[in-house]
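1. can't give you the sequence, but here's the structure:
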């Protein structure tokens, strides 16, 4: 998208479908943030995004759901590798890296969605 299209999107009022997609993505991001400290809410946030993804099709916020789901699956997979490799110490570095990467992805998503922008804009 060009800068003028992004500005126009950010200044336009959202339709009810867009507003619902944004709200559901914000809920998923919030659950993912809480899940960084509790674990179970991480899974709940990902499931919420997977369930609500279909309702967001055709909205500017559709790719936020992809971001949330991808962050969950990559984080889960790499965390499993980190736990396995924790026996040789390098796993702890992998786990720390996954945690930092997840925080980055979630904060980037929140910054974009609160500005009414698509994740990949």
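-> Looks like it arrived, so ask away. The model shown is predicted, which means the values in this text are computed figures rather than measured ones.

2. list the helices and strands the helix or strand where residue 35 lies packs on?
-> Per DSSP states H and E: residue 35 is located in helix 16-38. With contacts taken as 3 or more CB pairs under 8 Å, 6 or more residues apart in numbering; DSSP states H and E, helix 16-38 sits against helix 40-52, helix 62-85, helix 90-114. Quick note: C-beta positions are derived from backbone N, CA and C, even for glycine.

3. Just the angle for the shortest one relative to helix 62-85, thanks.
-> This points to helix 40-52. Helix 40-52 and helix 62-85 are oriented at 140 degrees to each other (axes from the mean of the first three to the mean of the last three CA atoms, to 10 degrees).

4. Name the residue most distant from the centre of the protein?
-> residue 88 (30.5 Å; CA atoms, centre = their mean).

5. ok, now how distant is that residue from residue 16?
-> Per CB to CB, to the nearest Å, residue 88 is found 53 Å from residue 16.

6. same deal with residue 54?
-> 16 Å.

7. what residue ranges in the protein score low on pLDDT?
-> 1-12 (pLDDT under 70).

8. okay if I get the helices and strands packed on helix 16-38 as CSV plus mean neighbour count?
-> Shown next, in CSV, are those (neighbours: other CB atoms under 10 Å):
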stretch, mean neighbour count
helix 40-52, 18
helix 62-85, 18
helix 90-114, 15
